[in-house]
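Q: I'd like to go over a predicted model; first the sequence, then the structure.
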Amino acid sequence: MPNDSPFTRPTIIAGANLLTSFTHSEFDNLMLQFGLEGQITSGTGVSKQVKANELVRIALSGESQVVESAEGSMSLSEAIVRMAITVAPGAWHGTDWQSFCSGLERDGFVLEENDEDWTLHLRRMLPTVAEVPEANDEVHTLLEHYGFTVPLGHLRQAINAHGRGEWASANSQMRSFLEGLLDEIAERLAPERAATTSGGHGRRALLAHLDPPFLSVALNEWRDDQRAGFFNGLFNRLHPEGSHPGLSDEEDSTFRLHIVLIVARLLLRRFTS
């Protein structure tokens, strides 16, 4: 079942892991606030990580879970994320916090710090029309549905590397994902021609020359095989220094991931139709 919050699975899991910094009593009280008494094991006899895992399982089960809070009604998944932001400053380090922040950025959010009281607040990086979490879920679903297993593997490695803060590795996997997806779409739509056409630029040109074309010349997605147009520009932007750029940072890598997901969703929807 699709996740019903603006946050993806890795972000929700990392947020729940941060909640283990609460005491047992605080965690159990939080479950009362969420209306989950009886569904989550309480008391000190069970580890807080087990409780957090149970919380994630319920949030991602596909069942409708609505939580009432001072910020209004929201899904349980969103409530987990917003509660994780309130953890003490002492927890603002380590792999869980890094994974949480990286997940938020992948989902199109950034944390802003209030200088007066050291509290953190969520702010959208992108307008809601961009729908980055929805694009992520839909891309994964369609890749699995059509059996694009190699591109899916590259995408998963890109997301995992991004979550670990390994920007160069993530960037490389993003390009491999998008290039592999276009290569495999060419194989599906024109198997005989694709078999005699080299991957990468050659197969993208093939997609533009199909009847009807898969990559549109009219929309400037492709332009006369002169390495111009949107897709050639996109691949140049994804890796301006080649397949393994020496320098990158979190903001640049997150931008690349966002645009790759949105473009991949467009391609997969077009392939479906």
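A: Yep, it's here. Numbering: from 1, shown residues only.

Q: count of residues packed around Gln226?
A: 8 (other CB atoms under 10 Å). For the C-beta atoms, the positions are set from N, CA and C on the backbone; glycine is no exception.

Q: if I look at it, how far off is Asn232?
A: 8 Å (CB to CB, to the nearest Å).

Q: Same question for Trp222.
A: Taking CB to CB, one finds Trp222 at 8 Å from Asn232.

Q: okay, these two: which has more neighbours?
A: The residue with more neighbours, out of Trp222 and Asn232, is Trp222; 24 against 18, by other CB under 10 Å.

Q: Contacts only, for the residue lying farthest from the centre of the chain.
A: In the chain, the residue that sits farthest from the middle, by CA atoms, centre = their mean, is Gly45; the gap is 35.1 Å. By CB atoms under 8 Å, 6 or more residues apart in numbering, the contact set of Gly45 is empty.

Q: Wait, a helix at it?
A: No. Judged by DSSP: H, G, I helix; E, B strand; the rest coil, Gly45 forms no part of a helix; its state is coil.

Q: Can you give me every residue that contacts Ile259?
A: Shown in contact with Ile259 (CB under 8 Å, 6+ apart): Leu234.

Q: List the buried residues for the helix or strand hosting it?
A: If you go by DSSP states H and E, Ile259 is part of helix 250-272. For helix 250-272, a neighbour-count test (16 or more other CB atoms under 10 Å) marks 253-254, 256-265, 267-268, 271 as buried.

Q: Give me the pLDDT for Pro245.
A: What the model reports as pLDDT for Pro245 is 48.

Q: to the chain's geometric centre, what's the distance from the helix holding Ile259?
A: 10 Å (CA atoms, centre = their mean, to the nearest Å).

Q: how about Val110, secondary structure?
A: Assigned with three-state DSSP, Val110 falls in the strand class.
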